[in-house]
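S.K.: coordinates only, no sequence provided:
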Ligand code: OAD
């Protein structure tokens, strides 16, 4: 971190765990315990049961809105300010990086606080809740849906291109709080390593996956990232 000039960070749900948001694969608590994400976060689920999918996202939206960014989010802002170049890529849809103050965030999986028309994809950041039903698109009347990427859907091509380019052009690539189970986000660490970057996996789980030569920093992101930020501030 001291020698690094160009830093890229890729985050997953683990960085928001210390803000009280359950990670994606633990998110099914309470009422939602009987549903798997794979059964809710799909275009097929929305086509069949739009209300159920809408309600699940409404629940997660409220949790995200009520949560506060934590020391891990803030440490990435510190690194962004100190680094010669820094790119943050996130799989998270909770908006906590932006609320912490990150300036350049590539959102690979969209943002839960925005919606789009399920027919033509037009995006809206404000909409009228209708209470018991899924709100209609103000332009065409089709159902609105969360502006997130669902299983089986393509990632936004511009975001993916920007993420791949950043991965190919960095000295250090941080992989933070992600189980690395979802492609293509997971493969970017290999791209970075093949292009010469040092990969540092920051994860609470000592068995977290990463490319073969990665450095593993095991522990909560809210403790490890401030240490990495401090090391970077002391760079030569
Ligand atoms: P997961 O829930 O799959 O993984 C969370 C990771 O965070 C795990 O590896 C945990 O060990 C780790 N973790 C938990 N608490 C942590 C902490 N305090 N500090 C550091 N690490 C911690 O979440 P993602 O990898 O983000 O995609 O899931 C990736 C994608 O899968 C999501 O964006 C979503 C889902 O399908 C879509 O919706 C398209």
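M.R.: Structure received. This one's a predicted model, so the numbers in the text were calculated from it and none came from an experiment.

S.K.: list the contacts of stretch 194-211.
M.R.: 4, 8, 14, 17, 167-180, 186, 189-190, 192-193, 213-221, 224-225, 228 (CB atoms under 8 Å, 6 or more residues apart in numbering). Yep, even glycine has a C-beta here, placed from its N, CA and C like the rest.

S.K.: next step: these restricted to strands.
M.R.: If you go by DSSP state E, the contacts of stretch 194-211 have 8, 172-176, 215-218 in strands.

S.K.: what segments of this protein are strands?
M.R.: Counting by DSSP E, the strands of the chain are 6-11, 85-90, 105-107, 110-117, 123-124, 144-148, 172-176, 198-203, 215-218.

S.K.: how many residues are close by whichever residue of the chain sits closest to the ligand?
M.R.: Closest to the ligand within the chain is residue 14: 2.3 Å, counting by CB to the nearest ligand atom. When neighbours are counted by other CB atoms under 10 Å, residue 14 registers 23.

S.K.: ok, now which ones touch it?
M.R.: 23, 176-179, 203-204, 221.

S.K.: let's go with 10 Å and repeat that
M.R.: Residues near residue 14 by CB atoms under 10 Å, 6 or more residues apart in numbering: 21, 23-24, 72, 92, 176-179, 202-205, 208, 220-221.

S.K.: which of these are buried?
M.R.: Among the contacts of residue 14, the ones that count as buried by 16 or more other CB atoms under 10 Å are 21, 23-24, 72, 92, 176-179, 202-204, 208, 220-221.

S.K.: out of these, which touch the ligand?
M.R.: Contacts with the ligand within the buried ones among the contacts of residue 14, counted by CB under 6 Å from any ligand atom: 23-24, 177-179, 203-204, 208, 220-221.

S.K.: hmm, which of the residues you listed is lowest in pLDDT?
M.R.: In terms of pLDDT, residue 24 ranks lowest among these, with 72.
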